[in-house]
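[1] everything below, folded, please.
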Amino acid sequence: MTSRLIGVNTWVWTSPLTDDSLRRLAPQIKNWGFDLVELPVEHLGDWDPAAAATLLEDLGLGATVTLVMGEGSELVAADAATVRATQDYLRGVIDAAHAVGSAVIAGPAYASVGRTWRMDDDERRRCYAELAENLAPVAEHGRQAGVRIAVEPLNRYETSLINTVDQALEALAPVPDVGILLDVYHLNIEETDVPAAIRRAGSRIAHVQVCANDRGAPGADHLPWPEILTALDDAGYSGPLCIESFTAENATIATAASIWRPLAASQDAIAVDGLAHLKGLMRRS
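    Next up, the predicted model:
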């Protein structure tokens, strides 16, 4: 089993991320033994990429970056001005990722989270074609910056456009430089065989987020973690695993992620226990 870098998303504790909260969280994340911190960009300018780069370099921490498709962020079935604004936001996230040394920007780069609508096969194909067309110039900006877009399939309650690995592969076929973000929370809901879906994603896997099936600490759940990590090896993915969960303390993010109860003894425990579980699996391999 491949030994991997392990990161944690600051959403475990706070939203939105700010310079002050990153200065508070990053030293503790390093002390716990993480290799990376995952930085969400809810709005451009929430945190300063240059300051974050200096802070993380001083601590010896790497970075990954997540994009956020909030209300009004759309690349399909939207007016031209909305699409342009969303493309500009994604380019800004790419620039932030480049500044902090992240090789990816990861998230559902197609439609705002929570936007769902019924569509027949023809409309879905049209939406996928539109997505590929509108992602292409953003992907080119990423290529120039050395940053890859990793598009995330979400569960059926958060989107109706891309729920599965197979749908992501279909939608992204015309843009081969764009990868896929696999989040085991969504895989657990939408895939009938999680390890098999990981293997089908193959070389398109650009980033992986992990948590328990209920968004708690990886390992405190029913997920087949050894099989998941073996499937990532079989798919040829050698990148990091980033723990992503959310805090119920922030009303906006708790509502968006449906966090209605504590998911562990503490938010710190989600990170610390998850890290211990993942490291233990890799040591036993």
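[2] what about the residue of the chain most remote from its centre, helix or strand, and which?
    The centre of the chain is farthest from one residue, Asp122, which by C-alpha atoms, centre = their mean lies 28.4 Å away. Here Asp122 is covered by helix 121-145, with elements defined by DSSP states H and E.
[3] pull the residues that contact that helix.
    Residues from elsewhere that reach helix 121-145 (C-beta atoms under 8 Å, 6 or more residues apart in numbering): 75-77, 83, 86-87, 90-91, 94-95, 97-98, 105, 109-110, 119, 148-149, 151, 161, 170-175, 177-178. For glycine as for every other residue, the C-beta is placed from the backbone atoms N, C-alpha and C.
[4] so what's Leu182 up against?
    Leu182 touches Glu152, Pro153, Val165, Ile198, Ala201, Ile205, His207, Val208, Gln209, counting by C-beta under 8 Å, 6+ apart.
[5] please apply the same query to Tyr157.
    Applying C-beta under 8 Å, 6+ apart to Tyr157 gives the contacts Thr116, Ser258.
[6] quick one: it from Ser112, how far?
    Counting by C-beta to C-beta, to the nearest Å, the gap from Tyr157 to Ser112 is 14 Å.
[7] and the contacts of helix 121-145, which are buried?
    Among the contacts of helix 121-145, those buried by neighbour count (16 or more other C-beta atoms under 10 Å) are 75-77, 83, 86-87, 90-91, 94-95, 97-98, 105, 109-110, 148-149, 151, 161, 171-172, 175, 178.
[8] ok, back up a step: which of the contacts of Leu182 lies closest to Thr247?
    Nearest to Thr247 out of the contacts of Leu182 is Gln209 (C-beta to C-beta; 16.0 Å).
[9] so the closest one, which state does it fall into?
    Assigned state for Gln209: strand (three-state reduction, DSSP: H, G, I helix; E, B strand; the rest coil).
[10] flag the shaky bits of the protein, pLDDT-wise.
    By pLDDT under 70, the low-scoring segments of the chain are 285.
[11] now with 90, please.
    For the chain, the stretches with pLDDT under 90 are 1-2, 247-263, 283-285.
[12] so which residues of it form helices?
    Remark: helices assigned in the chain by DSSP state H are 19-32, 49-59, 80-100, 121-145, 165-172, 184-190, 194-201, 225-235, 251-256, 267-284.
[13] and for the last one, what are the contacting residues?
    For helix 267-284, the external contacting residues (C-beta under 8 Å, 6+ apart) are 1-4, 6, 8, 12-13, 29, 32-34, 210-212, 216-220, 225-226, 229, 241, 243, 245, 247, 263-264.
[14] circling back to that earlier point, what comes up buried for the helix holding Asp122?
    Buried positions in helix 121-145, judged by neighbour count with 16+ other C-beta under 10 Å: Arg124, Cys127, Tyr128, Glu130, Leu131, Ala132, Asn134, Leu135, Val138, Ala139, His141, Gly142.
[15] restricted to strands, list the contacts of helix 267-284.
    Using DSSP state E, the members of those that fall within strands are Ile6, Val8, Val210, Leu241, Ile243.
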